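Chemist: Got a sequence here, can you build the structure:
(2 chains)
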Amino acid sequence: MLKYIVRRVLTMIPTLLVVIFIVLFLMNLTPGSPALNILGPDATQEMVEELNHKLGYDRPFFVRFVDYVVNLVQGDMGTTYRTNRSVFKEIVTRYPITVRLSILVIVIACCIGIPLGILSAVKQYSFFDTAGTVGALFMACIPAFWLGLMLVLLFSLKLGWLPASGTDHWYSYILPALTQAIPQSARSMRMTRTSMLETIRQDYIKTARSKGQIERKVILKHALKNALLPVVTMVGVDFGFILGGTIVIERVFSINGVGTLILDAIQTKDIPLVTGCAVFFAFFYMLVLLIVDVLYALIDPRIKARYRGQKA
Amino acid sequence: MKKNAGNPERRRKRNAFINRDTWRRFKKNKASLVGLILFLIFVLFMIFADVIVPYSVAIENNISQRLQPPSAEHWFGTDAFGRDVLARIIHASRYSLLMGIVSVVIGIVCGSVLAAIAGLYGGIADRTIMLIMDTILCIPFMLLALAIVAALGSGLENLLMALVIASVPIYVRVIRSSILTVVESDFVEAARSLGTPDRWIVLKHILPNAIGTIIVQATMSVGTMITWAAALSYVGMGIQPPAPEWGAMLSEGKNYMLQYPYLVIFPGLAIVLCCLSLNLMGDGLRDALDPKLKD
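Modeler: Residues are numbered from 1 along each chain as shown, chains lettered A, B, ... in the order given. Alright, predicted model coming up:
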């Protein structure tokens, strides 16, 4: 198992390199030189050329790419154009907010979506199932940023119960987390329901029932573990969407996380900051996918046995 | 190939996704029919927007009429520039639906070609394509789309390109897995052993059999793309004012939402209803095309 984790960590390196390449390449396509963006339209040609030379933007693209990678290995992600601060420090001071928010979203979504999905499947065709399925379909269609605006309108501006922006208190996270967690829990519920319905029709469930096993045990002990496998995969994949969504949600709630940082950086064409934030998001997402893969192996004994077989 | 053209079995397989049974099964699902009707209403708005209300009403400022609440004259009220909100929502359906449909069509075509190459040839072609796609998938969709818009600049065409590039890997993954199940079929092996050229196998055997998955994926994706395009416009990276777009309308309306909540409620509802119609249709199509439910 350890060998597998090490191998998966190593495969993250080429992926990160390609991510850096894609982001630097896209930033390279951005019209206007970086020096012109920093100095403004009043700068003379000489000043622009001098600053471009100082920043290294007069060198070929591949040389800059290799330089970036070499510096990154040494822990240097460059300095921002706007504040001249270290990109690494900028990200380090803000990443806890983004990580906290995304983890909170996934936890809330799983806590709501998975139990509701199980109940819906177990009580198929009941009123609860129909209401749940219709509700989940509707919820899954709501864009998170609009839901955020509606929640702010109701709970912050009209009722005054919760803050509309910032992350000063623990309760400041409630609205932004719910904003993303509600549509996500609807997706988790639909997925769990489908997976559970398929599982409870399997022969081994019929066997367990015919042996006289009580229904709760059949569902929790036999069906749930097998039904959760595709749900775990989906949650991992959806995490990418949650991270992407966090960028917009941070803007809706004026949260100073990495999402707001990258949006501001893109608007001011701050290349080192955009690249640094992109590397952070890609690394974080890959880490989550790795955890999901390991979890998958832990839940499914068949996969665990396969790794053991490889080891042997 | 010509001698096989009249083969009823072959024709049945090719047209499996558009036959009467599919429509009969689709029709049985009332929710899907509601979705279809709702979607057709949006399509009618898109086609006849200029007939329903002139474009000038949606974009020209009319300060004397600013921030009027919903009334008989302005059903959905007016915005901070005095523009009719309903007129803007109707004309925005053009941008939003166009972006959703066109980006999905281009994305699905590109995705199908890449998936067909990967699925049919396997080996190094499959590994290379999937490695590139999986790497792109490691970049969150929104982040990639934002970076592409930042590189190319905002505007309809660039937003479309961003949505296509960011979504192709998702389509390749889904279509490839569907193609792989067809590639192993006896009829593909038979066609190969008869010496049928690869492109003919893809066009005549593989794609028609994988088309069900592709159609369902496409229907569901249009809604997703509309939402993402609205999100990009909301953060100021998509359609630029004064052009009407649902996401951009939400962004403009949020500053006034305490006193004039209709400015954010109606454009948001338009997005929700459009996505809901597409998802209902997608669900119905999936059931109608499910081979397990066929005779």
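Chemist: tally of neighbours for the residue of the stretch 101-250 of chain B at minimum distance from chain A?
Modeler: Closest to chain A within the stretch 101-250 of chain B is B:Met142: 2.9 Å, counting by Cβ to the nearest Cβ. C-beta: built from backbone N, CA, C; applies to glycine. Using other Cβ atoms under 10 Å in any protein chain shown, B:Met142 has 26 other residues around it.
Chemist: if I pick it, what's in contact with it?
Modeler: Contact partners of B:Met142, counting by Cβ atoms under 8 Å, 6 or more residues apart in numbering or on different chains, are A:Phe241, A:Leu243, A:Gly244, A:Gly245, A:Ile247, A:Val248, B:Trp228, B:Ala231, B:Leu232.
Chemist: A:Tyr173 too?
Modeler: Contact partners of A:Tyr173, counting by Cβ under 8 Å, 6+ apart, are A:Arg100, A:Leu101, A:Leu104, A:Thr167.
Chemist: what do you get for A:Val19?
Modeler: Listed by Cβ under 8 Å, 6+ apart, the contact partners of A:Val19 are A:Ala278, A:Val279, A:Ala282, B:Thr135, B:Cys138, B:Ile139.
Chemist: swap the cut-off to 10 Å and go again
Modeler: The contact partners of A:Val19, by Cβ atoms under 10 Å, 6 or more residues apart in numbering or on different chains, come to A:12, A:275, A:278-279, A:281-283, A:285-286, B:135-136, B:138-139, B:143-144.
Chemist: can you check A:Leu51 too?
Modeler: Here A:Leu51 is in contact with A:Ser33, A:Pro34, A:Ala35, A:Leu36, A:Ile38, A:Leu39, A:Ala43, A:Tyr57, A:Asp58, A:Tyr81 (Cβ under 10 Å, 6+ apart).
Chemist: Test my guess that the fifth one contacts A:Thr83.
Modeler: No - in this structure, A:Ile38 sits apart from A:Thr83 without contact. The criterion is Cβ atoms under 10 Å, and the distance is 11.6 Å.
Chemist: Now do the shared contacts for the two.
Modeler: Shared contacts of A:Ile38 and A:Thr83 (Cβ under 10 Å, 6+ apart): A:Asp270.
Chemist: and the contacts of A:Val19, which are buried?
Modeler: A:12, A:275, A:278-279, A:281-282, A:285-286, B:135-136, B:138-139, B:143-144 (16 or more other Cβ atoms under 10 Å in any protein chain shown).
Chemist: before we move on, back to that, which of the contacts of B:Met142 sit farthest apart?
Modeler: Largest separation among the contacts of B:Met142 by Cβ to Cβ: A:Leu243 and B:Leu232, giving 15.7 Å.
Chemist: what about residue 261, how many residues close to it?
Modeler: All of this refers to chain A. Neighbour number of A:Leu261 under other Cβ under 10 Å is 26.
Chemist: Chain B, not that one
Modeler: 19.
Chemist: one step back: generate a ChimeraX selection restricted to the buried entries among the contacts of A:Leu51.
Modeler: Buried subset of the contacts of A:Leu51, written as a ChimeraX selection, criterion 16+ other Cβ under 10 Å:
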select /A:33,34,35,36,38,39,57,81
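Chemist: Which member of the contacts of A:Leu51 is positioned nearest chain B?
Modeler: The closest of those to chain B turns out to be A:Pro34 (Cβ to the nearest Cβ; 12.9 Å).
Chemist: roughly how far apart are the residue nearest to that closest one when sequence neighbours are not counted and A:Ala35?
Modeler: In this structure, A:Pro34 finds its nearest non-sequential neighbour in A:Tyr57, 5.4 Å apart by Cβ to Cβ, 6 or more residues apart in numbering or on different chains. A:Tyr57 sits at a distance of 7 Å from A:Ala35 (criterion: Cβ to Cβ, to the nearest Å).
Chemist: what sits in contact with each of the two?
Modeler: Counting by Cβ under 10 Å, 6+ apart, the residues touching both A:Tyr57 and A:Ala35 are A:Glu49, A:Leu51.
Chemist: helices or strands next to the helix or strand where A:Val134 lies in the packing?
Modeler: Secondary structure from DSSP states H and E places A:Val134 in helix A:127-140. Counting contacts by 3 or more Cβ pairs under 10 Å, 6 or more residues apart in numbering or on different chains; DSSP states H and E, helix A:127-140 packs against helix A:87-122, helix A:174-199, helix B:30-52, helix B:262-289.
Chemist: Could you list the buried residues of the second one?
Modeler: Going back to what we said before, that points to helix A:174-199. For helix A:174-199, the neighbour count (16+ other Cβ under 10 Å) marks A:174-197, A:199 as buried.
Chemist: just to revisit the earlier point, now the helices and strands packed on helix A:127-140 as CSV including distance to A:Gly132 and mean pLDDT?
Modeler: Below are these laid out as CSV (distance: least, Cβ to Cβ, whole Å; pLDDT from 0 to 100):
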stretch, distance to A:Gly132, mean pLDDT
helix A:87-122, 5, 92
helix A:174-199, 7, 90
helix B:30-52, 14, 91
helix B:262-289, 15, 89
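Chemist: Would you convert those into JSON lines that also reports distance to A:Ser254?
Modeler: Shown next, in JSON lines, are these (distance: least, Cβ to Cβ, whole Å):
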{"stretch": "helix A:87-122", "distance to A:Ser254": "12"}
{"stretch": "helix A:174-199", "distance to A:Ser254": "10"}
{"stretch": "helix B:30-52", "distance to A:Ser254": "33"}
{"stretch": "helix B:262-289", "distance to A:Ser254": "16"}
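Chemist: Among the ones you listed, which comes closest to A:Val6?
Modeler: With Cβ to Cβ, the closest approach to A:Val6 among those belongs to helix A:87-122: 23.7 Å.
Chemist: Next, the angle helix A:174-199 makes with that closest one.
Modeler: Going by axes from the mean of the first three to the mean of the last three Cα atoms, to 10 degrees, helix A:87-122 is angled at 40 degrees with respect to helix A:174-199.
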